[in-house]
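Undergrad: Quick one: sequence and predicted model below, then my questions.
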Amino acid sequence: MPRASRNGGGEATAGRAGIRHLVLDGVNEVEIAYTFKRALWGQGLASEITKALMNLGLVQLKLPSLVGVVAVENTESRHVLERAEFILERSGIYITATRL
């Protein structure tokens, strides 16, 4: 997954973001995924990267859809996706070997 640099090339990494294949409830999906250092939360980075990933997936790669997987208690990320016009389709249990 590509890394995001806050200052456009400095050594400090702000987090990581990208799109990736995901099998969710037996269905092949493409997920937008991001994670940032806690010290950088609330600065609009998630909203910016969500817009960029949507452009990449839907416009440039012409994917039919994207999904976002968010923990129920992560209200901030849920709001980011809602503002980007993602719609809650379902709730479920998602288990992954790697944690973002």
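TA: Received the coordinates, thanks.

Undergrad: What distance do you get for the residue nearest the centre of the chain to residue 21?
TA: Centrality entry for the chain: nearest residue to the mean C-alpha point is residue 33, 2.7 Å, by Cα atoms, centre = their mean. Distance from residue 33 to residue 21, counting by Cβ to Cβ, to the nearest Å: 11 Å. Every residue, glycine included, has its C-beta placed from N, CA and C.

Undergrad: which SS state does the residue lying closest to residue 41 once chain neighbours are set aside fall under?
TA: Among residues not flanking residue 41 along the chain, residue 76 sits closest, at 6.9 Å (Cβ to Cβ, 6 or more residues apart in numbering). At residue 76 the chain is in helix, as set by DSSP: H, G, I helix; E, B strand; the rest coil.

Undergrad: burial count for residue 76?
TA: Other residues near residue 76 number 11, with proximity taken as other Cβ atoms under 10 Å.

Undergrad: Name all residues that make contact with it.
TA: Residues near residue 76 by Cβ atoms under 8 Å, 6 or more residues apart in numbering: 41-42, 46.
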